[in-house]
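J.: what follows is a predicted protein model with its sequence.
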Amino acid sequence: MDVRGFGFFLLRKLLRMATLLIALSVLSFWLVSCSPLDPVQAYVGADMTRVSPEQREAIAEYWGLNQPPLMRFFHWGSAVLHGDLGTSMMFRRPVAEVIGERFLASLALMSAAWLFSGVLGFTLGVIAGMKHGTWADRFIKWYCFTLASTPAFWLGLLLLMVFAVWLGWFPVGLGVPAGKLAGEVTIANRIYHLILPALTLSILGVANVALHTRQKLVDVLASDYVLFARARGEAGLLLFWRHGLRNVALPAVTIQFASFGELVGGTVLAEQVFSYPGLGQAAVAAGLRGDVPLLLGIVLFTALFVFVGNLAADIIYRLVDPRMRKGETA
Amino acid sequence: MRTQSATAPILEVQDLCVSFVQYTSGLRQRCLEVISSLSVSIYPGEILAVVGASGSGKSLLAHAVLGLLPGNAVTSGSIVFAGQKLTPKQQASLRGREIALIPQSVNYLDPLLRVGKQVRTAVNGGNAARIQREVFARYKLPPDTERLFPFQLSGGMARRVLVSTALVSGARLVIADEPTPGLDEAAIEETLGYFRELADEGRGVMLITHDIETALRVADRIAVFYAGTTVETALATDFTGEGEALRHPYTKALWRALPQNGFEPIPGSQPQSHALPAGCLFQPRCPVATPECASSRPEVRDVRGGTVRCIHAS
Amino acid sequence: MNRRQKTLISTLLAALLLTGVIACGLLLGDERITTNLEARNASPSLAHPFGTDWLGRDMFVRTVKGLTVSMGVGVTAAAASTAVALTLGMLAATLGKAVDAAVSWLIDLFLGVPHLVALILISFALGGGMKGVVAGIALTHWPSLARVIRAEVMQLRSAEFVQISRRLGKSRWWVASRHMLPHLIPQLFIGFVLLFPHAILHEASISFLGFGLPPHQPAIGIILSESMRYLTTGMWWLAFFPGLSLLVIVRAFDVLGDNLRMLADPHRAHQ
């Protein structure tokens, strides 16, 4: 393998990520400083009347809110460079800590949904592609297009109504049973609370990878090399195994890695519907209650997450595809 | 000299018609007849070149014989292989076993599969790896070629690999579809040599090409294709002098259009398959056309050891 | 009936449905969504096909009005997004390599943040409300269309008639407005229609989360977020019908866009 070329590629990608993250910090900081929401009020909550002007001043002083925006940005920016994302106003804890904890909860949810939707979507796409033009294909296509038009939170509400309210199989919300101490919560408890939101995300996540795989397989089956494979007497499952799977699996894996953005979006909604205490819920709360450090931290963190997904997709392509691996152009 | 057992054709195509259902502008559908009442036959040990301009439906003939036409194609007529009329099911079982295709370029190889593996899938019975290595050695492909991916092959290697797939299969009929486009003189010579070998070993070879000069260098007989049908089948030796031995006016015109024979262009152009003329398909461009030619399609006739589709031929 | 005719009919049906909903939303009066405690919490019936809520408001009328509001936001946001996409796509394709690289960097920037997180940020910056939603959607949805337009312009640039105009010394602006824009209009319109479904879904999502339209607006996101409070009471119709209607509308826009694309360019859209 061309190690130097790969190193160069990686370096270029990381450099691009750095510039994007810097630009994103500037942009986000500028956006939040435009907000008409009074950060002091956001911090205090509804009891604004009980806060005296002196207390107000003290709060502003403590958070550095009375400095000009540019100064605040440099303070924040240099702290971020040192790995300090500030302190969350809502949780009164370091933002990095909050994000780390919430992300772990979301990660369980997202990885379950990601794996399940990937496998199911790929299978559906393969079936539709192999049976191109039949009723099975048409049904799968219809199903995927309908899913793509389905509001994620509505699907969550439906599942909640059916499985939690009517059938009573699952809890109505919260990541862990109410009234239990953190130490008493078992893995089983967590999984139990994870199923419905994960199911919501999985059902929706199927559409993208299934439609993509289907189209790719249809293209592959219409390709010259499959025509020639047929002319050599290959057919059916053997043909699919040898040429179809090989040529559609890679795009499917990469598209799954490149879909981290949609995954996060879905997670925000699912967590809100199921009151699941993950990163998405924290983002919504931070936005609604004006927790600027946390909101900024989450924006940067999710952008990093999406970027890592895209980078993984690129790297997998380079490592697996012989045309990239052996350097077609190099 | 053909032996007694070889006088039966390995492939006999009769009255083959292939049409497609297509959308035109607006909401109308139409049926395009791309190949109409085409007849050719190939004997073991000979090379039959099917020569015609681009877009005359030559490749579709290959796909029709192999049963690989797309779903919206409708076919009629008969394809007889080794004395047996082919059904789609038989075509499926003969593909790659008795009938092999040599495609035109490396794009016909799976980009993600090593070359050796792809050639081995064409082997029918026996030790696939051993047979593949023998054939690669015969075509002077280095032993490590089998480990390469298609994009790593040079043009010459790719051509030899593609020919290998036909050789390892042990097929009795080989169909080569435009195997020499854009090749230089030496490469053409080399490729044609491979086909001659395949034929000399007793196979029937159908060489589909748009280039009559290439065809004449190696073929025993030439089938001339025009607007979806064969207007003439002639012996390669008929192409001589001013073309007096040729039977059809189109074939004669083709012959005279070659640089060394006067470079006379044929006026007009080949009709599109949605606008075929009435009567003889060549009649609008034909120098010897009479009113009779426009009234009905001429039938195939045997004339001087070849076949022709022209009422004036003698 | 062939596929083209089917396409045409489904296009017409989708367009009819959408205009029907908009017309209903504009024509229906407010009397059926005023508080009527006598008719509250009614399950679906002939008089109230979608049932009523805890204030006795007819859910059908609320849904239709909500859809109209959502479509209004969708049109505005999608149009703004299309304008951004057109500008940046054309700039990238005509002004040379540096600008092209800058735009592609910008596209990466906007694709890098999950849409919903970006929407929360922008909504927060603008203090919520309608303008936050519209600005948010406009700013997050342009990248894919910008790429399409860039590719299209690149292709047009190498076309003969453009080459000739350039040789004749016509300015870049002249070429862009006389030669390129007319060719881009179908693409642009289809891209605009296809942006709709995303715009509406995101509008509903962000309103559902509490960032979008104010609670007194009958937007679908608001209706669904309210319904969450009544989930355990068994009033399933509060969430079921509004969500389903939203799905149907989004799907109708999708069908419309896809069909238009197919009719405009049968070769590229041929399965």
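T.: Structure's in. What do you need? Residues are numbered from 1 along each chain as shown, chains lettered A, B, ... in the order given.
J.: spell out which parts of chain B neighbour chain A.
T.: Counting by Cβ under 8 Å from any Cβ of the partner chain, chain B comes close to chain A at B:63, B:66, B:68, B:71, B:92-93, B:95-97, B:100-101, B:103, B:107-113, B:118, B:121-122, B:124, B:149, B:151-152, B:165, B:169. No exception for glycine: its C-beta is placed from N, CA and C like everyone else's.
J.: not counting sequence-adjacent ones, nearest residue to the residue of the stretch 51-200 of chain C found nearest chain B?
T.: Across the stretch 51-200 of chain C, no residue is closer to chain B than C:Pro186, which sits at 15.7 Å (Cβ to the nearest Cβ). Excluding its sequence neighbours, the residue lying closest to C:Pro186 (Cβ to Cβ, 6 or more residues apart in numbering or on different chains) is C:Ala264, at 5.0 Å.
J.: quick one on the thing from earlier: quick one: which of the residues of chain B next to chain A sit in helices?
T.: Among those, DSSP state H puts B:63, B:66, B:92-93, B:118, B:165, B:169 in helices.
J.: about what we covered before: next, count neighbours for the residue nearest to C:Pro186.
T.: 13 (other Cβ atoms under 10 Å in any protein chain shown).
J.: list the helices and strands the host helix or strand of the residue of the stretch 51-200 of chain C closest to chain B packs on?
T.: Applying DSSP states H and E as the criterion places C:Pro186 in helix C:181-208. Judged by 3 or more Cβ pairs under 8 Å, 6 or more residues apart in numbering or on different chains; DSSP states H and E, helix C:181-208 is in contact with helix A:152-159, helix A:260-273, helix C:59-94, helix C:115-125, helix C:129-140, helix C:142-157, helix C:220-227, helix C:237-264.
J.: rerun at 7 Å
T.: Counting contacts by 3 or more Cβ pairs under 7 Å, 6 or more residues apart in numbering or on different chains; DSSP states H and E, helix C:181-208 is packed against helix C:59-94, helix C:115-125, helix C:129-140, helix C:142-157, helix C:220-227, helix C:237-264.
J.: highest mean neighbour count out of the ones you listed?
T.: helix C:115-125 (a mean of 27; mean count of other Cβ atoms under 10 Å in any protein chain shown).
J.: picking that back up, which of the ones in helices among the residues of chain B next to chain A count as buried?
T.: B:63, B:66, B:92, B:118, B:165, B:169 (16 or more other Cβ atoms under 10 Å in any protein chain shown).
J.: make JSON lines out of these and add distance to A:Gln55 and pLDDT.
T.: What follows is these, written out as JSON lines (distance: Cβ to Cβ, whole Å; pLDDT from 0 to 100):
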{"residue": "B:His63", "distance to A:Gln55": "85", "pLDDT": "89"}
{"residue": "B:Leu66", "distance to A:Gln55": "87", "pLDDT": "90"}
{"residue": "B:Ala92", "distance to A:Gln55": "86", "pLDDT": "86"}
{"residue": "B:Gln118", "distance to A:Gln55": "78", "pLDDT": "89"}
{"residue": "B:Thr165", "distance to A:Gln55": "85", "pLDDT": "89"}
{"residue": "B:Ser169", "distance to A:Gln55": "89", "pLDDT": "87"}
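J.: quick check, nearest of these to chain A?
T.: When these are compared against chain A (criterion: Cβ to the nearest Cβ), the nearest one is B:Leu66, at 5.4 Å.
J.: quick one: contacts for the closest one?
T.: A:231, B:91, B:95, B:99, B:101 (Cβ atoms under 7 Å, 6 or more residues apart in numbering or on different chains).
J.: most neighbours of all the residues you listed, which one?
T.: Neighbour max across those (other Cβ under 10 Å) = B:Leu101, 29 neighbours.
J.: picking up where we left off before, just the ones of the residues of chain B next to chain A in strands?
T.: Judged by DSSP state E, the residues of chain B next to chain A include B:100-101 as members of strands.
J.: so B:Leu198 touches B:Met206, yeah?
T.: No: between B:Leu198 and B:Met206 there is no contact, the gap being 11.0 Å when judged by Cβ atoms under 7 Å.
J.: neighbour count winner among these two?
T.: Neighbour totals were compared for B:Leu198 and B:Met206, and B:Met206 leads with 29 against 22 (other Cβ under 10 Å).
J.: could you report the neighbour count for A:Pro69?
T.: Using other Cβ under 10 Å, A:Pro69 has 12 other residues around it.
J.: circling back to that earlier point, same list (the helices and strands packed on helix C:181-208) but as JSON lines, adding mean pLDDT.
T.: Listed next are these as JSON lines, based on pLDDT from 0 to 100:
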{"stretch": "helix C:59-94", "mean pLDDT": "85"}
{"stretch": "helix C:115-125", "mean pLDDT": "88"}
{"stretch": "helix C:129-140", "mean pLDDT": "86"}
{"stretch": "helix C:142-157", "mean pLDDT": "83"}
{"stretch": "helix C:220-227", "mean pLDDT": "82"}
{"stretch": "helix C:237-264", "mean pLDDT": "82"}
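J.: make CSV out of those and add distance to B:Pro298.
T.: Below are these laid out as CSV (distance: least, Cβ to Cβ, whole Å):
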stretch, distance to B:Pro298
helix C:59-94, 55
helix C:115-125, 68
helix C:129-140, 68
helix C:142-157, 46
helix C:220-227, 71
helix C:237-264, 43
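J.: just to revisit the earlier point, how about the buried ones among the ones in helices among the residues of chain B next to chain A in a markdown table, adding distance to B:Glu189?
T.: Shown next, in a markdown table, are these (distance: Cβ to Cβ, whole Å):
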| residue | distance to B:Glu189 |
| --- | --- |
| B:His63 | 28 |
| B:Leu66 | 28 |
| B:Ala92 | 36 |
| B:Gln118 | 26 |
| B:Thr165 | 21 |
| B:Ser169 | 24 |
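J.: any idea how far the residue nearest to A:His243 when sequence neighbours are not counted is from B:Ala166?
T.: Once flanking residues are discounted, A:His243 sits nearest to B:Asp110: 5.1 Å by Cβ to Cβ, 6+ apart. B:Asp110 sits 17 Å away from B:Ala166, going by Cβ to Cβ, to the nearest Å.
J.: which of these two has more neighbours?
T.: Set B:Asp110 next to B:Ala166 and count neighbours by other Cβ under 10 Å: B:Ala166 wins out with 29 against 24.
J.: quickly list what the nearest residue to that one once chain neighbours are set aside is bridged to.
T.: By the measure of Cβ to Cβ, 6+ apart, the closest residue to B:Ala166 outside its immediate chain neighbours is B:Ala100, 3.9 Å from it. Going by DSSP bridges, B:Ala100 is paired in beta bridges with B:Val174.
J.: residues in contact with B:Ala100?
T.: Contacts for B:Ala100 (Cβ under 7 Å, 6+ apart) come out as B:165-166, B:169, B:171, B:174.
J.: kindly recompute the last result at 8 Å.
T.: A:231-232, B:122, B:165-166, B:169, B:171, B:173-175 (Cβ atoms under 8 Å, 6 or more residues apart in numbering or on different chains).
J.: count residues in the vicinity of A:Ser275, would you?
T.: A:Ser275: 15 neighbours (other Cβ under 10 Å).
J.: next, it: secondary structure please.
T.: The local conformation at A:Ser275, judged by DSSP: H, G, I helix; E, B strand; the rest coil, is coil.
J.: so which residue is dead centre in the chain?
T.: Just so you know, I chose chain A. A:Val264 (2.6 Å; Cα atoms, centre = their mean).
J.: actually chain C
T.: C:Phe196 (1.9 Å).
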